[in-house]
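Visitor: here's my sequence, what's the structure:
(chains A and B)
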Amino acid sequence: MAESDNTARCDDDAAIASARYPTSARLVAAILRADEAAIRQLFLLYSPLLTDQARLMNIAPEDRHEFVTTLLDDVVLHLIEHQASPRNFSRYLVASLRNRARNWHRDSHRRLDATERAYDEPATSPQRIVAECHSDYGIRASARVAIGSDSSAREPIAKLAQRLSRELTREEQVMLIRLGRHVPLREVAEHLGVAYGTARVRLHRLRDRLRKLALEYTRSLKPDERGELERFFRRAEVILPRAAATRQPEKDYGNV
Amino acid sequence: MAMFDDGAIDVLMSAVGRESESADENLIYQDERFLFWLANDLRSGLDHDDRSRDQRQAIDFARRTLTSLKVRLAEKRLPRRQLKERAASIRATLAHAVPAASRERCATILDLAVAAGGGRELWDEPCDRWLELPEDLPSARYVALRVAGDSMAPVLGPREVILIHLDAAPRVDDLVVARLPDQSHVVKRVASMRGSTMELASFNPEYESIFVAREPSPVVGTVIARFTRE
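Guide: Presented below is the predicted three-dimensional model:
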């Protein structure tokens, strides 16, 4: 488990969408009593978030449900058996999932390496039988997606994000992540502990900064990489109206 | 460059924000309030079908998790011991053999189909094998039974020997041997005792719970140990 804190949080003011368990502390307290309704609620509240996290951690779509369910199962059993109340329950769950995903990828890479070695050294490898039974194509097709390897359209954005993580301040990155998830600016201001007006000003500055950094970055790209970035924007222009129709993000951060 | 107008910057902010989010060691992402917001937002974005599916999965999940918990509890409470058996000093029915075996710190072993239920009267069964009681067990009236069926898997497997304390009062979560109205005997977990009804549950989810009247008590005894030959 990534983070285990045995002190229950008393000032747990972060509301979750449940009338029966208005705070995560109450939800955890009910889980510690092995309350079936609380365990159901835990699944309902957190499985979408954790499934989304599993997606971000490149867990294959067909494995995500089992991955999340197994994690939640282990977390519940761990909490009950150790009577532990994590201080920040959402963080605890997400950190646990990320740890597990890292281990999952590491083990997948090891398995894949062992299988590939079996091709090179069929006489000495314990994986010889597997290698003999599968085609090279089949083994590669069944391999997990590695973290970081992604479609070419996302690659320039990933590189830009890496560069920005070095250039932007922590607060600017916090804003960027939240706005990427369409969190309304008023709530972003609350998360940052600043007034709404201040958040608007900071957003305006962030946009200017981002524009400048992105421009510099684009100039440093090779022509083919620049082409990929342009394709990304062309695609985005097609996708954006549809995304706006379904999610209806608050637009007040668009033009400050 | 023309591509970085306001619209392009919005797209870029969104894309870069998401990219930063998936960065592996991103401490910025570990914000409890944001995660709450995200959990609720993702949940509210589900359509009716997804919600119905989630409800079904949540029910299954809670049941399976609680069963796993009970299995772990039972595994802890009933460590596997080595089976030491010998020929009975006297050949008699169970009713007569129990006191004699108890005097020699033994328990009679019956090869009764406990979990599957054979409809036979327990006390009239002849028994010719005794189990030597471990030294840490206090003197009491015990019977050892060989389990049949897989309803209590993974805690109790077929042919596993369990030791029953005949005079123990059952509590919730105890494993008990109970006599059913059809005269068969089963080994189950006491899942609940509400009002005049007792719920006897299996660990194997393929088996339904059995509801029996608490009075007269259907419980023959409580399982206090399990034994294997290895």
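Visitor: which stretches of chain B have low pLDDT?
Guide: Residues of chain B meeting the criterion pLDDT under 70: B:1-3, B:22-30, B:112-121, B:230.
Visitor: measure how buried the residue in it that chain A sits nearest to is and give me the count.
Guide: Closest approach of chain B to chain A (C-beta to the nearest C-beta) occurs at B:G17, with a separation of 2.1 Å. (Each C-beta comes from the backbone N, C-alpha and C, glycine too.) By other C-beta atoms under 10 Å in any protein chain shown, 22 other residues sit near B:G17.
Visitor: is it true that it touches A:L176?
Guide: Yes. B:G17 lies in contact with A:L176 (C-beta atoms under 8 Å); the separation is 4.4 Å.
Visitor: who touches both of the two?
Guide: Counting by C-beta atoms under 8 Å, 6 or more residues apart in numbering or on different chains, B:G17 and A:L176 have no contacts in common.
Visitor: got a list of what residue 197 touches?
Guide: I went with chain A, as the question did not name one. Per C-beta under 8 Å, 6+ apart, neighbours of A:G197: none.
Visitor: my bad, chain B
Guide: B:F211, B:V212, B:A213, B:R214.
Visitor: bridged to B:E85, which residues?
Guide: B:L131 (DSSP bridges).
Visitor: before we move on, back to that, contacts only, for the residue of chain B closest to chain A.
Guide: So B:G17 contacts A:L176, A:I177, A:R178, A:L179, A:G180, A:R181 (C-beta under 8 Å, 6+ apart).
Visitor: 10 Å - rerun?
Guide: A:161, A:164, A:173-183 (C-beta atoms under 10 Å, 6 or more residues apart in numbering or on different chains).
Visitor: confirm that it sits in a helix.
Guide: Yes. Membership of B:G17 in a helix is supported by DSSP: H, G, I helix; E, B strand; the rest coil.
Visitor: so what pLDDT did the residue nearest to it when sequence neighbours are not counted get?
Guide: Using C-beta to C-beta, 6 or more residues apart in numbering or on different chains and skipping the chain neighbours, the partner closest in space to B:G17 is A:G180 (2.1 Å). Listed pLDDT for A:G180 reads 80.
Visitor: what of A:A37?
Guide: A:A37 is assigned a pLDDT of 94 by the prediction.
Visitor: and the host helix or strand of it, what other elements does it pack with?
Guide: Assessed by DSSP states H and E, A:A37 sits inside helix A:36-56. In terms of contacts (3 or more C-beta pairs under 10 Å, 6 or more residues apart in numbering or on different chains; DSSP states H and E), helix A:36-56 is packed against helix A:24-32, helix A:61-82, helix A:89-120, helix B:6-21, helix B:32-44, helix B:48-77.
Visitor: how about B:P218, what does it touch?
Guide: B:P218 touches B:170, B:176-181, B:185-186, B:198, B:200, B:210, B:212, counting by C-beta under 10 Å, 6+ apart.
Visitor: just the buried ones from those, in PyMOL syntax?
Guide: In PyMOL, a selection of the buried entries from the contacts of B:P218 looks like this (16 or more other C-beta atoms under 10 Å in any protein chain shown):
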select buried, chain B and resi 170+176+177+178+179+185+186+198+200+210+212
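Visitor: count of residues packed around A:L215?
Guide: Using other C-beta under 10 Å as the criterion, A:L215 is surrounded by 13 other residues.
Visitor: likewise A:L168?
Guide: Using other C-beta under 10 Å, A:L168 is surrounded by 21 other residues.
Visitor: surely it and A:L176 touch.
Guide: Yes. Contact criterion C-beta atoms under 10 Å: A:L168 and A:L176 qualify, at 7.0 Å.
Visitor: quick one: common contacting residues for these two?
Guide: Counting by C-beta under 10 Å, 6+ apart, the shared contacts of A:L168 and A:L176 are A:A161, A:L206, A:L210, B:V16, B:S20, B:I28.
Visitor: between these, which has the most around it?
Guide: Counting neighbours by other C-beta under 10 Å, B:V16 comes out on top of those with 27 neighbours.
Visitor: residue contacts, it?
Guide: B:V16 touches A:157-158, A:160-165, A:168, A:173, A:176-177, A:179-180, A:210, A:213-214, counting by C-beta under 10 Å, 6+ apart.
Visitor: can you select the buried ones from those residues in ChimeraX?
Guide: Remark: buried members of the contacts of B:V16, expressed as a ChimeraX selection using 16+ other C-beta under 10 Å:
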select /A:157,158,160,161,163,164,165,168,173,176,177,179,180,210,213,214
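Visitor: which stretches of chain A have low pLDDT?
Guide: Using pLDDT under 70, the flagged stretches of chain A are A:1-18, A:118-154, A:165, A:235-256.
Visitor: closest residue of it to chain B?
Guide: For chain A, C-beta to the nearest C-beta, closest residue to chain B: A:G180, 2.1 Å.
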